[in-house]
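Visitor: Sequence plus predicted model, see below.
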Amino acid sequence: MSDQKINKDIDVLCVGIIVYDVMGKPIDEIPDWGRLVTFKQVEHHIGGCAVNTGVDLVRLSRGELNITIGGCVGTDGAGHFVKKRMFEEKLNVTAVLEIEHVATSYTFVMIGSDGQRRYFHHFGANAFLRDTDIPDMLLDRSRILHIGGSFVMPKMDGEPTANLLRRAKERSVMTFLDTVYNPDADCRALIEPCAPYLDVFIPSIEEAEMITGKTVPEEILDVLSDLGIGVVGVKLGKEGCIVRGDGRTHRIPIYPVKAVDSSGAGDAFMAGFIYATMQEWPMEKRARFANAVAAHCVGSVGCNTGIPAAEDVLKFMEGK
């Protein structure tokens, strides 16, 4: 990574979905039509894969990394809230576009007593993001490009994402991509054109199964590796993760913590893996660190409220 530091003032360019999240807890019952169910706690947060990963990277680095967000919001109140909060989180929002007459992407998150989630999501402004909205000048300044939210960006998914990744690789930018579960998407067809330009790809087990048609993690890795991706892996939820990229396969268990809200855990994992990659740690340590960051995420309500500095994550890993 050292050769990428020259003339690169953006450490990570996070491109993808930006979401206004409203979270209710605990919700263990869905009412019948015409019926009312109450819940005790409601919180308003910024979210979306690009934002969550960006916020987590800022917090891991104690604000030392320059994290720039590329995406779209509406000109509505939710859009103003999201941009204000991103600025407060020390994210660079100069590449965030405001789309008139379109609502900001919105998710209502139902959080059960056990920390599991259900989502109601409106694509909103995210549906208008295009690869051409990310200029070459921005890629020239970036060390890493992370695309977060594939499968729920209709004007971006597939060939447009591949074009953005190709432009990044032409500029010696390291590339990461993360997906969102969408059973209506042709996931294999959307990922295949991107694969030749991807350095790291670690989807969730549900997303990986849709992409590959396989259910055994090791077989999933074989398919993803055959597509030409450098480092591949699968986030396995309560089973931890499995990664391959140094000629070996590493299966890493989770850190046992009480799950309050699993929202954003996958994005936290990606932030941890990106951060660890920037430190040039061995592959196994990258995966363990990513699991540890995700463990901190699930301990608080919200997609990114529980992420500490990297030094604290390392102490946690050492049992201190």
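Guide: Arrived safely, thanks for sending. These numbers come from a predicted model, not from an experiment.
Visitor: use CA for all of it now, contacts and neighbours both
Guide: Noted.
Visitor: what residues are up against D267?
Guide: Contact analysis of D267 by Cα atoms under 8 Å, 6 or more residues apart in numbering lists 49, 52-53, 294.
Visitor: any idea how far it lies from D199?
Guide: 17 Å (Cα to Cα, to the nearest Å).
Visitor: Strand partners (parallel or antiparallel) of the host helix or strand of H121?
Guide: Per DSSP states H and E, H121 falls inside strand 117-122. Using DSSP bridges, the strands paired with strand 117-122 are strand 106-111 (antiparallel).
Visitor: rewinding a little: how about the contacts of D267 in JSON lines, adding secondary structure?
Guide: Shown next, in JSON lines, are those (DSSP: H, G, I helix; E, B strand; the rest coil):
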{"residue": "C49", "secondary structure": "helix"}
{"residue": "N52", "secondary structure": "helix"}
{"residue": "T53", "secondary structure": "helix"}
{"residue": "A294", "secondary structure": "helix"}
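Visitor: Out of those residues, who's the most crowded?
Guide: Of all those, the highest neighbour tally under other Cα atoms under 10 Å goes to T53, namely 31 neighbours.
Visitor: What is the end-to-end distance of stretch 26-46?
Guide: End-to-end distance for stretch 26-46, by Cα to Cα: 20 Å.
Visitor: Then stretch 105-115?
Guide: End-to-end distance (Cα to Cα), stretch 105-115: 23 Å.
Visitor: what residues does it touch?
Guide: Stretch 105-115 is contacted from outside by 18-28, 73-74, 117-126, 259-262, 298, using Cα under 8 Å, 6+ apart.
Visitor: Name only those of those residues that count as buried.
Guide: Using 16 or more other Cα atoms under 10 Å as the burial test, those include 18-27, 73-74, 117, 122-126, 259-262, 298 as buried.
Visitor: And the helices in the stretch 201-320 of the chain?
Guide: 205-212, 217-226, 265-278, 283-297, 310-317 (DSSP state H, counting those that start in this stretch).
Visitor: With E98 as the reference, name the closest of those.
Guide: helix 265-278 (23.6 Å; Cα to Cα).
Visitor: Output stretch 223-237 as CSV, nothing but the C-alphas.
Guide: Provided in CSV are the C-alpha atoms of stretch 223-237 (Å, rounded to 0.1, in the frame of the first residue of the first chain):
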residue,chain,number,x,y,z
VAL,A,223,-16.6,-20.0,-7.2
LEU,A,224,-15.6,-16.5,-6.2
SER,A,225,-11.9,-17.2,-6.6
ASP,A,226,-12.6,-18.7,-10.1
LEU,A,227,-14.2,-15.4,-11.0
GLY,A,228,-10.8,-13.8,-10.6
ILE,A,229,-11.3,-11.9,-7.3
GLY,A,230,-8.1,-11.4,-5.3
VAL,A,231,-9.3,-11.8,-1.6
VAL,A,232,-12.6,-13.6,-1.1
GLY,A,233,-14.6,-14.4,1.9
VAL,A,234,-18.0,-14.9,3.4
LYS,A,235,-19.6,-13.3,6.5
LEU,A,236,-21.2,-16.2,8.3
GLY,A,237,-23.2,-14.4,11.0
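Visitor: So for it, mean pLDDT?
Guide: For stretch 223-237, mean pLDDT rounds to 95.
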